[in-house]
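>>> sharing a sequence plus its predicted fold:
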Amino acid sequence: MQTISAYHLHREETMRTTLNVDDEALESAMEAAPGKTKTDVINEALREFARRRRLHEFLKFEGKVRWEGDLNELRGRRKRT
């Protein structure tokens, strides 16, 4: 386990955060993102986590919303003649 201290701006104030991070998880993430700092990797992971959670909320609408339209038109595909 690794303890990471980070500083970030929150409403124009500097805030310090200390995290206990799984060494193997961090090492794996760092290998998947060469050239990025630990802070960059952790911030990206947090944003991705939040994005996936928000998308997961859409599943509650599965089978409950009726949609009418043309996917080919929506995707900008031309109709074949």
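Received it, and whenever you're ready, just let me know what you need.
>>> all strands for this protein, in order.
Defined through DSSP state E, the strands belonging to the chain, from first to last, are 2-10, 13-21.
>>> per-stretch mean pLDDT over these, give me the minimum one.
Set side by side, these give their lowest mean pLDDT on strand 2-10, at a mean of 61.
>>> quick one: stretch 67-76 to chain centroid distance?
Going by C-alpha atoms, centre = their mean, to the nearest Å, the spacing between the C-alpha centre of stretch 67-76 and its chain's C-alpha centre is 27 Å.
>>> now do it: distance from first to last residue.
Across its full length, stretch 67-76 reaches 18 Å between end residues, using C-alpha to C-alpha, to the nearest Å.
>>> pull the helix or strand with minimum mean pLDDT from the chain.
Lowest mean confidence among the helices and strands of the chain (mean pLDDT, DSSP states H and E): strand 2-10, at a mean of 61.
>>> give me the phi and psi angles of Glu62.
Dihedral angles of Glu62 (phi, psi; degrees, to the nearest 10) stand at phi -60, psi 120.
>>> so what pLDDT did it get?
Looking at Glu62, its pLDDT is 85.
>>> what number of residues lie near it?
A total of 7 residues lie near Glu62 under the criterion other C-beta atoms under 10 Å. (Glycine included, C-beta is placed from N, CA and C.)
>>> what's near enough to touch it?
Shown in contact with Glu62 (C-beta atoms under 8 Å, 6 or more residues apart in numbering): no residues.
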